[in-house]
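**Student:** A predicted structure for the sequence below; I have some questions about it.
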Amino acid sequence: MVGIVIVSHSKMLAEGVKELVDQMSQNKVAIIAAGGFDDESNPIGTDPFKIKEAIETLSDCDGILVLMDIGSAVMNAELAIDLI
């Protein structure tokens, strides 16, 4: 099975995409939302360590597809992969 990591500047957006995929796949797809920062005063952005953790959580999958929105999400996803 292929795992999916959703990377977005918005935690709510990433969680929403995960919710839709879970419903459409009847929870048969390994998917993790890695969006936003865990900082209430500055929640918008991407965290390479959060992305790295999501990828490592899916390490038992046959492959991992990382889907990103724009800008720093791409750079931080690439950094997460480099850290692994």
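**Tutor:** Great, that's in hand.

**Student:** Next SSE downstream of the longest helix along the chain?
**Tutor:** Longest helix of the chain, by residue count under DSSP state H: helix 11-25. Using DSSP states H and E, the helix or strand that follows helix 11-25 towards the C-terminus is strand 31-33.

**Student:** quick one: contacts of that following strand?
**Tutor:** Strand 31-33 is contacted from outside by 3-6, 8, 11, 14-15, 17-18, 21-22, 54, 57-58, using CB atoms under 8 Å, 6 or more residues apart in numbering. Backbone N, C-alpha and C define where each C-beta goes, glycine included.

**Student:** Can you select the buried ones from the residues you listed in PyMOL?
**Tutor:** Selection of buried members from those for PyMOL, criterion 16 or more other CB atoms under 10 Å:
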select buried, resi 3+4+5+6+8+11+14+17+18+21+54+58
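
**Student:** Pick the one among the contacts of strand 31-33 closest to Thr46.
**Tutor:** Checking these against Thr46 by CB to CB gives Ser8 as the nearest, at 7.5 Å.

**Student:** List of residues touching the longest helix of the chain?
**Tutor:** Residues contacting helix 11-25 (CB under 8 Å, 6+ apart): 4, 6-8, 29, 31-37, 43, 67, 69.

**Student:** Report the buried members of those.
**Tutor:** The neighbour count (16+ other CB under 10 Å) marks Ile4, Ile6, Val7, Ser8, Ile31, Ile32, Ala33, Ala34, Gly35, Gly36, Asp69 as buried among the contacts of helix 11-25.

**Student:** Look at Glu78 and say how many residues are nearby.
**Tutor:** Glu78 sits with 14 neighbouring residues when counted by other CB atoms under 10 Å.

**Student:** element containing it, please.
**Tutor:** Taking DSSP H and E as the criterion, Glu78 maps to helix 72-83.

**Student:** Can you list phi and psi of the nearest residue to Ile70 once chain neighbours are set aside for me?
**Tutor:** Distances taken as CB to CB, 6 or more residues apart in numbering put His9 closest to Ile70, at 7.8 Å, once the chain neighbours are dropped. Dihedral pair for His9: phi -70, psi -20, per degrees, to the nearest 10.

**Student:** Nice, that's everything, thank you.
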